[in-house]
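Trainee: this is the structure alone, sequence omitted:
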């Protein structure tokens, strides 16, 4: 899934109710697993000057980068963080790591050859789903459709739950971008 999609789905599932301020912790956990990709992109493209094709076809798959990505996408490490949050009775820590776990759970069925070792450091096993959220050779149209429908459902929940016009505008704008992106990639 795309990072903004993770943010909306995780907010719809884990945030809200009587403590709307907790949304920031859910949002942090939703984007944290993808943050190393931003570091990778900035370092390899902006500072090293590598072309996009080299980034995503070769450098992305180097062991040093895969280890860095997989630490942030590790279910055992996130579960440990969640357990520590419960032991300390810290809602913020619980929400961050619950959101990381939800992010990982949503990524598992939608990544083929670009997935993570979600059980790192306990295992180097990597689940290769037959479905990709982006690759048309791996049912990407269906994966992207599932992502788009999840975004629309999450947006409906968030729209009803939140009265702020700025937030609603942001949710609506992302929905339009998601739907147009899906149509541009797989329909038009």
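Mentor: That came in fine, so what should we check first? Note that the structure is a prediction, hence the values are computed from the model and not measured. Numbering: from 1, shown residues only.

Trainee: could I get the full set of strands for this protein?
Mentor: Using DSSP state E, the chain contains no strands.

Trainee: wait, what's in contact with the nearest residue to residue 148 once chain neighbours are set aside?
Mentor: Of all residues not flanking residue 148 in the chain, residue 182 sits nearest, at 4.7 Å (Cβ to Cβ, 6 or more residues apart in numbering). C-beta: built from backbone N, CA, C; applies to glycine. Going by Cβ atoms under 8 Å, 6 or more residues apart in numbering, residue 182 touches 144, 145, 147, 148.

Trainee: which of the residues you listed fall within helices?
Mentor: Mapping the contacts of residue 182 onto helices (DSSP state H) picks out 144, 145, 147, 148.

Trainee: where does the chain dip in pLDDT?
Mentor: For the chain, the stretches flagged by pLDDT under 70 are 17-20.

Trainee: what segments of it are helices?
Mentor: 3-14, 23-31, 35-41, 52-57, 63-72, 75-88, 91-107, 140-161, 165-182.

Trainee: a markdown table for these, including distance to residue 125?
Mentor: Converted to a markdown table, the helices of the chain look like this (distance: least, Cβ to Cβ, whole Å):
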| stretch | distance to residue 125 |
| --- | --- |
| helix 3-14 | 22 |
| helix 23-31 | 23 |
| helix 35-41 | 20 |
| helix 52-57 | 23 |
| helix 63-72 | 11 |
| helix 75-88 | 11 |
| helix 91-107 | 14 |
| helix 140-161 | 21 |
| helix 165-182 | 31 |
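
Trainee: if I look at the nearest residue to residue 129 once chain neighbours are set aside, how far off is residue 133?
Mentor: Leaving aside its chain neighbours, residue 129 sits nearest to residue 109 (5.1 Å; criterion: Cβ to Cβ, 6+ apart). Counting by Cβ to Cβ, to the nearest Å, the separation of residue 109 from residue 133 is 9 Å.

Trainee: those two: which is more packed in?
Mentor: residue 133 (25 against 16; other Cβ atoms under 10 Å).

Trainee: contacting residues around that one?
Mentor: By Cβ under 8 Å, 6+ apart, the residues touching residue 133 are 1, 2, 110, 111, 140, 143, 144, 146, 147.

Trainee: switch to 10 Å and redo it
Mentor: Counting by Cβ atoms under 10 Å, 6 or more residues apart in numbering, residue 133 makes contact with 1-2, 5, 106-107, 109-112, 114, 139-140, 142-148.

Trainee: tell me how far it lies from residue 163.
Mentor: Taking Cβ to Cβ, one finds residue 133 at 31 Å from residue 163.
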